[in-house]
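K.L.:
give me a 3D structure for the following:
(4 chains)
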There are 4 protein chains.
Amino acid sequence: MSKIPVAVLGATGTVGQKFIVLLQNHPNFEIRELVASERSAGKGYAEVCSWKQNEFIPDSVRGMTVKSTDDPLESRILFSGLDSSVAGPIEENYASAGHIVISNSKNHRMDANVPLVIPEINHQHFDLTKKQPYKGAIITNSNCSTMFLAMVLAPIHLAFGVELVQVTTMQAITGAGYPGVPSIDILGNVVPYIGGEEDKLESEPQKILGTLQDDRILPAPFKISAQCNRVPVFDGHTETLSLKLKNKVGPAEVAKVLASFRGYPQEHHLPSAPEQPILVLTEPDRPQPARDVWKNGGMSALVGRIRECSVLDLKMVILGHNTVRGAAGAAVLNAETYIDLGYLEE
Amino acid sequence: MSKIPVAVLGATGTVGQKFIVLLQNHPNFEIRELVASERSAGKGYAEVCSWKQNEFIPDSVRGMTVKSTDDPLESRILFSGLDSSVAGPIEENYASAGHIVISNSKNHRMDANVPLVIPEINHQHFDLTKKQPYKGAIITNSNCSTMFLAMVLAPIHLAFGVELVQVTTMQAITGAGYPGVPSIDILGNVVPYIGGEEDKLESEPQKILGTLQDDRILPAPFKISAQCNRVPVFDGHTETLSLKLKNKVGPAEVAKVLASFRGYPQEHHLPSAPEQPILVLTEPDRPQPARDVWKNGGMSALVGRIRECSVLDLKMVILGHNTVRGAAGAAVLNAETYIDLGYLEE
Amino acid sequence: MSKIPVAVLGATGTVGQKFIVLLQNHPNFEIRELVASERSAGKGYAEVCSWKQNEFIPDSVRGMTVKSTDDPLESRILFSGLDSSVAGPIEENYASAGHIVISNSKNHRMDANVPLVIPEINHQHFDLTKKQPYKGAIITNSNCSTMFLAMVLAPIHLAFGVELVQVTTMQAITGAGYPGVPSIDILGNVVPYIGGEEDKLESEPQKILGTLQDDRILPAPFKISAQCNRVPVFDGHTETLSLKLKNKVGPAEVAKVLASFRGYPQEHHLPSAPEQPILVLTEPDRPQPARDVWKNGGMSALVGRIRECSVLDLKMVILGHNTVRGAAGAAVLNAETYIDLGYLEE
Amino acid sequence: MSKIPVAVLGATGTVGQKFIVLLQNHPNFEIRELVASERSAGKGYAEVCSWKQNEFIPDSVRGMTVKSTDDPLESRILFSGLDSSVAGPIEENYASAGHIVISNSKNHRMDANVPLVIPEINHQHFDLTKKQPYKGAIITNSNCSTMFLAMVLAPIHLAFGVELVQVTTMQAITGAGYPGVPSIDILGNVVPYIGGEEDKLESEPQKILGTLQDDRILPAPFKISAQCNRVPVFDGHTETLSLKLKNKVGPAEVAKVLASFRGYPQEHHLPSAPEQPILVLTEPDRPQPARDVWKNGGMSALVGRIRECSVLDLKMVILGHNTVRGAAGAAVLNAETYIDLGYLEE
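P.N.:
So this is what the prediction gives:
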């Protein structure tokens, strides 16, 4: 079977580069087109890209001529790592022209008819694309910190009902892209503020865990309070959670529910699906970003230190790879799921 | 007026070294004796100490012969930076022999008749020493993370009543002493666990904010839930707080109460007292350890980002210098206050 | 064909752990025995080992009962990651008992009858084992900083004659083992001293590049001056070199000689052999440890910035993975080469 | 005596900010004017400056209205921390208008009639200003890495004659200004390249140590080969040196010459002069940036590990504070010396 041709939008940025790394040996997708800003268009990819990945630039894209966002694209599936300063209208244009835009950008996430999907949780929301005014569609994944919070809340909410969530994040520098955080600001430091991040953490999970009813999403009713920090870590967002649950349960039961969580991507053995979406670690001092972020290829949420909380009900530590499952990898899994569900043929 | 001779116990350790730095130009105290383990006793200080401070070793102590904990001491005031593995009985022995032990060790902090004091908050608790079975006394300061939490809770509790506290810490490596945290464990990493730390944070503030009644402390009735992390920061513990208050108030009122907080050390202009025990920063991304930890000589708690919390009532970020106000500096201020209150003459 | 059973000595240490990671899917070797100190002997591996690798402990060794160095071993091939404080006599005992000890320890490296081998350079030196007074043999690889210096000097020396070498190293913290460097000493710091390291760098390359003559090694005649620094890098030793050559050549010719360097492991397609022992990077700011250390699985030396030197003849930057090709990986490749050369059958 | 009014050019940049910190309590200078780009002009300093210093913004400048480089200035002495992209013509304009421009920018350093001065070494070069075509003058200090190399070479060259110099630098991130080095590029990394830096290190010291003859500088005749690296250190450039000397001497003699080095600023007790321009440390593992960079207020060069070199003659490690003596502090000391020598009155 021949591979599905895809394009990467924002191909020279950090998310774009991660798309290229994740797609280079993909069994179903093949990068056919690279799209970047006007400044890079018409030139060879290696020439215009300040490549920051540890892997070599794949030979298959090294010499590929970069297209501009004005050029027509032949690929139906577009992976968008466009900067949020420009992603909004560009993604709409592509969707209008019939493309399926699998976007990591924040611009359309909270739009009423745009699905914000973690395929293990709410692939049913893909149905929203049928209500979109486009010939194609826009599909989004969440913010990188939201991703792991929502993944962990999902099975707990389903089993026991989440009522309140306190979360403090310690986020990696790669979450800010390139050049991103100046080293003078973060070396040996903690910056207790990330612009706009707390808002996303406090609202995106409710949409993801919401119910699709009459063509709209009814957000899950729990409340989240977030405090976001940048720390001198390369990859991996760590988050401390405290939860209040409707049905009181102990840490052991929660651990069991988390470890046994599975969804559509696992059941259908999709290429990028981790065997376990959530990995529960039992060592007293884990998960740790420098040690655990690449477990399961960076596609799982990791959870540790599940214990009782004297203020709410339960506390725990979660971790995830912000540029893999928290960004490009999430988009790739969204595409795999969307296609596997047969939406492309409709 | 001649200076009061003092001894430093555990003089070669990191807290002991910080005592030496803080006391080297002290207007009232003069280091007369240095005490360390049997292994170092009888030798010159510079010879046995692996000095880790940025300042040069003061000439006044460089060649001082180190005493062992078995040697009798002539100083009445002893600053103890002894390791908790040995501090318990040694401090008791010194107190029995008539010394005033100003201790930074955790061993006796929670003892019923040992005052756990932040002099801006509860200097009245010094009265507990009268009930101690010693000719001398043992006085303690809190754990380094507790210190800044308690300093910030104090004026808020007094003004509005604290009911619930959620705190996540991001603690500096110097909090673990030397050799402390191996670099392999913390470079570019977050370790979401510090042995015993959460227990201290969840119980010490209630004692400090408790009321002395019939010769015992009635702990303050609020509940604290703590999550402690080690981060690759040199000096300065950062903490995110979320509070539920009895009397609802807005961030501005809390900021005002914090900024105007003063106590005995300020009113009596004690040498180590910061002008403001609590410094409220208004920039959106402060306080930061690498930038702010030395403000007010490391003797103040810093607070920023005071804002509403959608789960409890208020959120904020706090910071303090873990080895200055969080350890040696706290002990020095305790000694200054205790003496200024006239306890030595009783 | 069944795999060759091997044992790992010092299995709980950092080099021992790396042996376990590198050998877990090895086509020819199978870990049959794990050996550690008396304290760990008799217990399950996972129970006694403070595992610090990013990979999970392989299931095949997780429950394996650790042996002590007094226990007889059934494996003929022993990979030794023993600490140098004990490696000397223990390795001799095993060799006397007929085992082939493939050692990463420094103890026997400079012994006259012990080969110090980089198989791309001097596999002929394995013949020294025939002169050893053991029923078995001891084979060593170099110090982690020496490794990459020697690998780069080899083809240059062969082609143009090396006369003088100036080298300054910037070495990763993992080079010091665990717990190794305290974080207080290295976070945001450079330590311009590593005990014993400069001596090794100034003497080991000459033995490796020496000629075997009448059963002894005639060291290569060039002089090396080394300055060693520890830097806050996790994996990867970076070194700046300046060389004086007998036959003057330009940077381009040297680059060509380096990039085309191949040896026995490449020619015989040994399992752990990198395709290119030396990878020449052409970007102006490479190699960099955080970006390049895992290129070719950590088994190659990386070279960049080859240019003229106004004091000697040529300057360049080199880099290598200190715990892979610089330690455990070097030993594994030594074993593969030794066996492929037929020594075991003699 | 009233203070001399001065202006700071490039006042919002990192060097400009450091000027403000160093001048805030200066006994002779008083900041009267702040100059920045058109974008900031006309606004209050605190409003336009992204203040990155650990000290609070001095009250004396906080509300000062920023001037543009087109505004006439009343101060005769101007401290220039202008970015090199604009410093060239602006500094010339100010000099033409009669101002004494004390510049930290690289633009005019190597101009034949511009003195490049370290006042302990070559204050005689100030005489070059008499040959400048300006009503005022331009005076420069060296690059931050050059500074400490030249300071250390000076007494050695005078006493024993320097012939060859090999230097490898490990430079702090603050040397690149703000935003400077992206954290993604340097966290846990070494970047073995700093654009233009090696050229400066290989040519500036010869001008500084050159002799003024017939109104021009005859550069000192030794050769330098430099290799420059960026490391994850906040403040402090560390450099490993290897030297060939005309007159062979041992490490002890060199240490003596370095430690006893004094110059005009010391002899005339200038306010910013360190008591010892060069501090020789005897511990085997010093100097270290995180521990020693603030010794003598950051105004001295620190030297350690002076020992023999098997390739050239002597090796050592040097360190200095790149933004204090390596930049703003150097300019302030230049101004103090220039004025003390009476040039202003001529």
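
K.L.:
flag every buried residue along stretch A:90-107.
P.N.:
Applying a neighbour-count criterion of 16 or more other C-beta atoms under 10 Å in any protein chain shown, the buried positions in stretch A:90-107 are A:90-92, A:94-95, A:99-107. Where you see a C-beta, it was placed from the backbone N, CA and C, and this is true even at glycine.

K.L.:
any idea how far it is from the middle of the chain?
P.N.:
16 Å (C-alpha atoms, centre = their mean, to the nearest Å).

K.L.:
any idea of the mean pLDDT in it?
P.N.:
The average pLDDT within stretch A:90-107 is 97.

K.L.:
and what of stretch A:43-59?
P.N.:
On average, stretch A:43-59 scores 94.

K.L.:
where exactly do the helices run in chain A?
P.N.:
With helices called from DSSP state H, chain A shows them at A:14-23, A:45-48, A:59-62, A:84-96, A:119-122, A:144-160, A:183-186, A:197-208, A:251-259, A:264-267, A:289-292, A:329-340.

K.L.:
how does chain A divide into domains?
P.N.:
As assigned by automatic domain parsing, chain A contains the domains A:4-142+A:328-345, A:144-321.

K.L.:
now the terminal residues of the last one, how far apart.
P.N.:
What it means is domain A:144-321. Using C-alpha to C-alpha, to the nearest Å, the end-to-end distance of domain A:144-321 comes to 8 Å.

K.L.:
sorry, back to before: how about JSON lines for the domains of chain A, with distance to residue C:161 added?
P.N.:
Shown next, in JSON lines, are the domains of chain A (distance: least, C-beta to C-beta, whole Å):
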{"stretch": "domain A:4-142+A:328-345", "distance to residue C:161": "33"}
{"stretch": "domain A:144-321", "distance to residue C:161": "42"}
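
K.L.:
most neighbours per residue, which of these?
P.N.:
Mean neighbours per residue, mean count of other C-beta atoms under 10 Å in any protein chain shown, is largest over the domains of chain A for domain A:144-321, with a mean of 21.

K.L.:
does it reach chain D?
P.N.:
Yes: shown here: domain A:144-321 in contact with chain D (C-beta under 8 Å from any C-beta of the partner chain) through A:173-174, A:178-188, A:232, A:234.

K.L.:
stretch A:189-201 vs chain B: in contact?
P.N.:
Yes: residues of stretch A:189-201 contacting chain B under C-beta under 8 Å from any C-beta: A:189, A:190, A:191, A:192, A:193.

K.L.:
so is that stretch next to chain C?
P.N.:
No: if you take C-beta under 8 Å from any C-beta as the test, stretch A:189-201 misses chain C, and the best it gets is 9.8 Å.

K.L.:
give me the residue from the stretch 1-150 of chain A nearest chain D.
P.N.:
residue A:52 (6.4 Å; C-beta to the nearest C-beta).

K.L.:
wait, that residue sits on residue A:177?
P.N.:
No: contact criterion C-beta atoms under 8 Å: residue A:52 and residue A:177 do not qualify, at 9.8 Å.

K.L.:
mutual contacts of the two, please.
P.N.:
Common contacts of residue A:52 and residue A:177, defined by C-beta atoms under 8 Å, 6 or more residues apart in numbering or on different chains, comprise residue A:14.

K.L.:
pLDDT at residue A:243, what is it?
P.N.:
We have a pLDDT of 98 for residue A:243.
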